[in-house]
Structures are given as C-alpha cells and as structure tokens.
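Novice: What would the 3D arrangement of this be:
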Amino acid sequence: MCGPRLALGVRLAYASLGIVIGLSVCAVFLVTFHNPPAAYWGLASAVSATLALLLFLYLYAFRPDTKPPSTAVLFASGLLSAAGVAAGIGGFAAYLGLGIINTLHGDDRPLFQTEYIVCVWTFMTFKWSITSYYYSIKTYKIIKPYD
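Specialist: Residues are numbered from 1 along each chain as shown. The predicted structure is shown next:
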C-alpha cells in the first residue's frame, strides 16, 4: 500500500497527463490527420480530466475552517460529468457501429482516419467523466454538512 503523498502525486500526474494528451490529440487529429470527431472527443477528454483534477485538488486541500464552494457548483460539476458519461457511452456505441459498417462495406482509409480511433477517445471521455463524477459526489458528501 502506498502512502498518501505518493497517491496524491500519482493522481496529479495522471490527471495532468490526461489533460496534456487530450489537448495534443485535439491539435494533431484536427490539423494533421483531418479527423475532427477524434479531435473534438480528445478535447472533451481534456475538459473532463481538468474537471477531475480540480475536484481532486479541492478535495485534497479541503479544511473545515475554510469557506466551502457552493453546493450548486458541485451539482453542476456532477451534472456535467454525468453528461460526459452518457455522451461517452453513446458515442462509443455509435462510432463502433459505424466503424463496423464501414469496414464491412470495404472502407480502405488508414486507421487514424477511421471511426475506431474515435472510439478510443469516446472511451477516454467516459473514463475521465466517471472520475470527475466520483470526485464531485465525494466532495459533495464532505461539503454538505458545512453548507
């Protein structure tokens, strides 16, 4: 079992890496590979990772003697996260189905221009949205008695 400082460092590095990679994917897939859906899902993944990072940082730094954020802000972050989860699941199913149909009909595009790469980024958006939803609920449960 690792110590709390190591766990904090791993979570911070993991979320920061998610933000950087999501923004990089957005730029690369939009400019170089001309795959706008993958680029926009990469951007959505970076936004979800940023929300998860901010919620985690607040949760780690929370002290009962400080003024907590409004529960409306936490509700909005939870709602945004839930929307990201739903969009990630729906996008994954839709792009996977579209990729299978295009492959069966003889699609000969390179992999980085197909719908399969978009599935990867819809899943990443789903993953970061689940993480931010978890942290928003956890933060809400801690903050609620102080509101």
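Novice: Show me where the chain has its strands.
Specialist: Taking DSSP state E, the chain contains no strands at all.
Novice: low-scoring pLDDT stretches of it, where are they?
Specialist: 1-2, 64, 146-147 (pLDDT under 70).
Novice: From residue 8, how far off is the closest residue to residue 89 other than its chain neighbours?
Specialist: Using CB to CB, 6 or more residues apart in numbering and skipping residues adjacent in sequence, the residue nearest residue 89 is residue 126, 6.0 Å away. Quick note: C-beta positions are derived from backbone N, CA and C, even for glycine. Distance of residue 126 to residue 8, given as CB to CB, to the nearest Å: 24 Å.
Novice: Neighbour count for the two, which is higher?
Specialist: Neighbour tally, residue 126 and residue 8, criterion other CB atoms under 10 Å: the higher count belongs to residue 126, 23 against 14.
Novice: contacting residues for the more buried one?
Specialist: By CB atoms under 8 Å, 6 or more residues apart in numbering, residue 126 lies in contact with 84-85, 88-89, 92.
Novice: Filter the residues you listed down to just the buried residues.
Specialist: 84-85, 88, 92 (16 or more other CB atoms under 10 Å).
Novice: what's around residue 132, how many residues?
Specialist: Residue 132 is flanked by 28 other residues according to other CB under 10 Å.
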